[in-house]
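Asks: Got a predicted structure plus its sequence, pasted below:
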Amino acid sequence: MASFSQKVKNELCELLVEDSFAVQAAVSLDTVLMFSGNLRGNTLSIGTSLRELAALLRDRIQTVSGQPSNVRRSRSMWHLTVNAPSLVRAVQRHLLENYGFTYEHGFVGGKFADIDTVYVSAEESKFAATKFTDAFIEAPPVVLDDRVLTVDGLAAELAAEGVSQASLFRRAVLRGLFLSVGSINIPDSGYHLGFMLRGIGRVSAVLSIFRLESLQPLESRRVGSTRLYFKEADQIVNFLAMTGAWRAVLDLENLRVERDIRNEVNRAVNFDSANLRRVATAAARQLAAIEALRDVDALADLDESLRETARLRLRHPDLSLAELGQLFVPPLSKSGLNHRLRRLEALAVELGLRIDD
């Protein structure tokens with residue numbers, strides 16, 4: 001059975017082949033090239049466990065470089081390889097000119113994350129590239145088609161409205177980011193969405209993307225890598241919605257409802273169990289006091305109300321105070337009955353009688 005993470009990635013791959021996502025799909029696949037690509041010498045290689053993604057990347061590399069890459073499978077992984085120097089240079093030139101990215105230096109400008117800002121330091125000026133595609137800069141808001149944003153008639157209020165072109169770009173990046181270095185786990189308790197990143201430049205760029213989309217990840221650093229992750233279900237749902245993984249959103253929301261119901265039931269059961277334990281403990285203590293008084297013939301010296309209370313409690317040891325109070329004529333309130341039973345317990349203590357709980 002496919003994991004939840006695998007299901008999300010399969011759904012995102014389905015989006016990448018839709019005509020309405022053509023421009024965003026290109027950005028998503030370029031993001032996979034940047035975050036999953038590994039350049040050694042004149043050979044560029046990308047690995048993925050998704051057959052569909054491998055096919056899409058192969059087509060994307062052909063679009064960028066003019067020729068397809070080699071695809072092979074080893075166990076559960078698909079490997080794409082570009083080993084012709086001219087084709088590798090074509091891919092590198094594309095990523096540099098459009099995103100300010102190089103495999104050697106990561107992101108060297110502000111074109112990737114802060115779309116409205118083009119920043120390249122003097123030291124990095126040789127890596128400077130033209131301003132990012134105008135379609136993603138200062139463009140008027142657009143309203144996405146309900147057909148794109150909904151699955152099986154998902155409620156209209158879930159459809160995003162007035163999403164800017166810059167935000168569409170960032171969400172396309174998030175889509176590619178999850179496909180390349182993302183994972184999501186739904187254990188028995190809690191949620192976890194994580195991204196394993198290498199290189200300070202990549203981490204900074206991704207953090208900027210998250211910030212601009214109002215996502216606040218936690219951060220865990222290890223030797224040579226940084227993990228950005230989310231533990232709050234709301235943040236994870238927001239991320240999935242931004243990527244367009246609506247089936248995953250529905251699955252996760254259904255899971256949240258099931259867990260909430262289960263937690264409420266558990267709380268109610270625990271409350272009832274604790275209450276029953278308290279009732280049983282109090283009843284045992286009351287019976288012990290009454291039996292101790294009976295054993296020393298102290299009940300005969302009590303007034304009629306206490307004798308009747310002792311008699312009814314001995315006859316009905318399993319009844320709650322409310323139920324026991326209904327046997328009196330007239331019925332006795334719970335607080336009134338509790339007061340009488342406490343007087344019996346206090347009398348047993350005064351006489352020095354042993355009360356075993």
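Replies: Here it is on my side, so go on.
Asks: only C-alpha atoms for contact and neighbour calcs from this point on.
Replies: Noted.
Asks: For the stretch 201-350 of the chain, which segments count as helices?
Replies: 233-243, 246-295, 304-315, 321-325, 334-350 (DSSP state H, counting those that start in this stretch).
Asks: Check which helices and strands the longest one sits against.
Replies: Read it as helix 246-295. If you count contacts as 3 or more C-alpha pairs under 8 Å, 6 or more residues apart in numbering; DSSP states H and E, helix 246-295 packs onto helix 4-16, helix 233-243, helix 304-315, helix 334-350.
Asks: buried ones in the last one?
Replies: In other words, helix 334-350. For helix 334-350, burial by neighbour count (16 or more other C-alpha atoms under 10 Å) applies to L337, N338, R340, L341, L344, E345, L347, A348.
Asks: hmm, back to that, how about the helices and strands packed on helix 246-295, which one is nearest L39?
Replies: Nearest to L39 among those is helix 4-16 (24.2 Å), distances taken as C-alpha to C-alpha.
Asks: Lowest average pLDDT across the helices of the stretch 201-350 of the chain?
Replies: Least confident of the helices of the stretch 201-350 of the chain, judged by mean pLDDT, is helix 246-295 with a mean of 80.
Asks: So what angle separates the directions of that one and helix 334-350?
Replies: Counting by axes from the mean of the first three to the mean of the last three C-alpha atoms, to 10 degrees, helix 246-295 points 50 degrees away from the direction of helix 334-350.
Asks: Give me the angle between helix 246-295 and helix 304-315.
Replies: 120 degrees.
Asks: next one: helix 246-295 to chain centre, how far?
Replies: 28 Å (C-alpha atoms, centre = their mean, to the nearest Å).
Asks: what inclination does that helix have with respect to helix 233-243?
Replies: Computed by the same axes, to 10 degrees, the angle between helix 246-295 and helix 233-243 is 160 degrees.
Asks: List the residues that contact V257.
Replies: Listed by C-alpha atoms under 8 Å, 6 or more residues apart in numbering, the contact set of V257 is empty.
Asks: For the nearest residue to P331 once chain neighbours are set aside, give its distance to A300.
Replies: Once flanking residues are discounted, P331 sits nearest to G325: 5.6 Å by C-alpha to C-alpha, 6 or more residues apart in numbering. Counting by C-alpha to C-alpha, to the nearest Å, the separation of G325 from A300 is 22 Å.
Asks: more neighbours, the two?
Replies: Shown here are G325 and A300; by other C-alpha atoms under 10 Å, G325 has more neighbours (22 against 12).
Asks: Roughly how far does the more buried one sit from L95?
Replies: Distance of G325 to L95, given as C-alpha to C-alpha: 82 Å.
Asks: and what of M242?
Replies: Looking at M242 against L95, where the rule is C-alpha to C-alpha, the gap reads 24 Å.
Asks: before we move on, back to that, mind putting the helices and strands packed on helix 246-295 into a markdown table with distance to V32?
Replies: Below are these laid out as a markdown table (distance: least, C-alpha to C-alpha, whole Å):
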| stretch | distance to V32 |
| --- | --- |
| helix 4-16 | 12 |
| helix 233-243 | 14 |
| helix 304-315 | 75 |
| helix 334-350 | 69 |
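Asks: buried ones in stretch 307-326?
Replies: Using 16+ other C-alpha under 10 Å as the test for burial, stretch 307-326 gives R307, T309, A310, L312, R313, L314, S320, L321, L324, G325.
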